[in-house]
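J.: structure of the sequence below:
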Amino acid sequence: MRGLVWMKDEGAEYAEVDLSSGLTAVGVAIGTDPVPYRLEYSLRTSADYVTELLTVRAHGAGWARALDLRRGTDGIWSCETKCEGELDGPEPGGDVTGLNDALDCDLALSPLTNTMPVLRHGLLRSQGRMGFVMALVRVPHLHVVHHPQSYTHLGPDAVRYESEGFSADLVCDADGIVTDYPGLARLAVR
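T.: Residues are numbered from 1 along each chain as shown. Below is the predicted model of the structure:
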């Protein structure tokens with residue numbers, strides 16, 4: 001079990017992460033965009049780092065959102081949501097029927113969820129570029145969308161992340177945990 005703290009350009013994140021059999025994590029993050037918010041999450045993958053469960057609770061002044069996102073062993077995604085108060089933007093959840101080709105969730109603005117494809121495909125050891133589809137959970141709304149991404153091996157401690165015209169060279173530690181995500185976060189406590 002590792003306790004990790006990322007300092008973000010617009011907030012911070014703390015996670016307790018266990019990589020002994022897949023990835024299991026609980027965490028809390030605070031952010032400022034588009035409104036100040038706090039979220040708590042729980043993440044569990046299979047032994048080969050395929051998402052099984054992501055639960056997220058987001059709170060702000062006068063509103064709260066909850067999401068329970070699951071991927072069955074048959075590859076079918078499901079989600080349950082709760083919504084209280086008023087927050088401009090999309091409702092939590094979304095149409096998950098188009099996610100059946102996704103193996104991973106991606107909790108927006110969290111460097112932790114980049115770990116799953118990096119570890120599953122040995123991207124710190126293997127040269128090349130791989131494309132993925134993610135179940136992206138946008139924060140703080142907790143709206144889920146189909147999101148193509150790619151990762152390219154850069155060396156034994158780095159991968160290039162690309163999506164929708166955006167790219168960043170991510171530095172990772174020996175466990176595949178992102179230690180530096182330019183423009184987003186830097187690991188402060190390992």
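
J.: strands of this protein, residue ranges please.
T.: Per DSSP state E, the chain carries strands over the ranges 2-8, 11-18, 24-31, 37-45, 51-60, 63-71, 77-85, 104-107, 129-138, 143-155, 158-163, 166-172, 178-181, 185-189.

J.: how about the worst-scoring helix or strand of the chain on mean pLDDT: buried residues?
T.: Taking mean pLDDT, DSSP states H and E as the measure, the chain has strand 185-189 as its least confident helix or strand, at a mean of 92. Using 16 or more other CB atoms under 10 Å as the test for burial, strand 185-189 gives 185-187. For every residue, glycine as well, the C-beta is placed using N, CA and C.

J.: before we move on, the earlier item: redo the strands of the chain as CSV? Include distance to Val118.
T.: Listed next are these as CSV, based on distance: least, CB to CB, whole Å:
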stretch, distance to Val118
strand 2-8, 15
strand 11-18, 13
strand 24-31, 15
strand 37-45, 12
strand 51-60, 14
strand 63-71, 18
strand 77-85, 21
strand 104-107, 10
strand 129-138, 10
strand 143-155, 7
strand 158-163, 6
strand 166-172, 6
strand 178-181, 8
strand 185-189, 14
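
J.: between these, which gets nearest to Gly94?
T.: strand 143-155 (4.3 Å; CB to CB).

J.: mind listing what's buried along that closest one?
T.: Result for strand 143-155 [16+ other CB under 10 Å]: buried residues 143-147, 149, 151-154.

J.: mind checking how far Pro140 is from Val96?
T.: 19 Å (CB to CB, to the nearest Å).

J.: ok, those two, which is more surrounded?
T.: Pro140 (26 against 19; other CB atoms under 10 Å).

J.: residues contacting the more buried one?
T.: 31, 34-35, 37, 39, 58, 60, 65, 87 (CB atoms under 8 Å, 6 or more residues apart in numbering).

J.: try Val17
T.: Contacts of Val17 (CB under 8 Å, 6+ apart): 1-2, 4, 23-25, 112, 177.

J.: which residue is the nearest non-sequential neighbour of it?
T.: Nearest residue to Val17 in three dimensions, chain neighbours excluded: Ala25, at 4.5 Å (CB to CB, 6 or more residues apart in numbering).

J.: the one you found bridge partners, please.
T.: Note on Ala25: beta-bridge partners by DSSP bridges are Val17, Leu43.

J.: so it sits against Glu40, correct?
T.: No - in this structure, Ala25 is not within contact of Glu40 by CB atoms under 8 Å, at 11.3 Å.

J.: those two: which is more packed in?
T.: Higher neighbour count among Ala25 and Glu40: Ala25, with 23 against 14, using other CB under 10 Å.

J.: separation between that one and Glu162?
T.: 24 Å.

J.: tell me the pLDDT of Val28.
T.: Val28 is assigned 98 on the pLDDT scale.

J.: wait, it touches Glu13, no?
T.: Yes - using CB under 8 Å, Val28 is in contact with Glu13, at 7.2 Å.
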